[in-house]
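**Q** With the sequence up front, the predicted model follows.
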Amino acid sequence: PRRVAADWLYGSPLYSQYDDERKVRRYALAVTYLSLDGPNWDSNDGWMNDVADECSWSDLVCDEGGEIMELRLYDNGLVGTLPQEVAMLGPSLKKLVLYKNEIECDDWSFLGNLN
């Protein structure tokens with residue numbers, strides 16, 4: 001998933017317009033999507049769209065400045081291992097809702113990096 005996410009990001013027609021923070025956000029979201037079987041989620045509208053703002057992707061809540069505040073992915077058909085890249089969405093990420101999915105994670109301590 002990491003390589004596919006990086007290739008997708010670098011291949012975006014808008015890549016040169018993104019600041020470093022936005023590149024990190026889009027990469028972290030793409031790795032999360034790919035690691036958790038995103039193409040088969042019940043709700044995945046807009047995810048990994050090359051030109052759509054990530055704040056328009058389903059189940060994301062952003063503030064007025066475009067920072068991701070919440071990932072509401074509960075009961076959405078997520079399957080797989082939660083990638084540590086999700087912690088790259090901090091410090092703006094305040095809520096990560098993952099219940100009612102089939103997510104594996106041996107060590108959740110990396111989420112302690114989130115505020």
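**A** Cool, the structure landed.

**Q** rest of the way, CA atoms for contacts and neighbours
**A** OK.

**Q** got the contact list for residue 88?
**A** Counting by CA atoms under 8 Å, 6 or more residues apart in numbering, residue 88 touches 24-25, 28.

**Q** I misspoke; the intended subject was residue 102.
**A** With contacts defined as CA under 8 Å, 6+ apart, the neighbours of residue 102 are 77-80.

**Q** 10 Å instead, please
**A** 36, 75-82 (CA atoms under 10 Å, 6 or more residues apart in numbering).

**Q** Pick the one among these closest to residue 112.
**A** Each of these was scored against residue 112 by CA to CA, and residue 82 proved nearest at 14.0 Å.

**Q** Tell me the secondary structure of the nearest residue to residue 28 once chain neighbours are set aside, please.
**A** Nearest in space to residue 28, with sequence neighbours left out and distances taken as CA to CA, 6 or more residues apart in numbering, is residue 85 at 5.1 Å. When classified by DSSP: H, G, I helix; E, B strand; the rest coil, residue 85 comes out as helix.

**Q** Is residue 85 in contact with residue 5, as I believe?
**A** No: in terms of CA atoms under 10 Å, residue 85 does not count as a neighbour of residue 5; the distance is 11.1 Å.

**Q** Quick check: neighbours shared by the two?
**A** Common contacts of residue 85 and residue 5 (CA under 10 Å, 6+ apart): 27-32.

**Q** can you give me how far the lengthiest helix in the chain is from the chain middle?
**A** Across the chain, the helix with the greatest residue count (assigned by DSSP state H) is helix 20-35. Using CA atoms, centre = their mean, to the nearest Å, we find the averaged C-alpha position of helix 20-35 to lie 5 Å away from the chain's own average C-alpha position.

**Q** spatially speaking, which residue is in the middle of this protein?
**A** Centroid-nearest residue in the chain, with CA atoms, centre = their mean: residue 29, separated by 2.2 Å.

**Q** Let me see the contact set for the residue lying closest to it once chain neighbours are set aside.
**A** Using CA to CA, 6+ apart and skipping residues adjacent in sequence, the residue nearest residue 29 is residue 86, 7.0 Å away. With contacts defined as CA under 10 Å, 6+ apart, the neighbours of residue 86 are 25, 27-33, 71, 93, 96, 110-111, 113-114.

**Q** Understood, closing this out.
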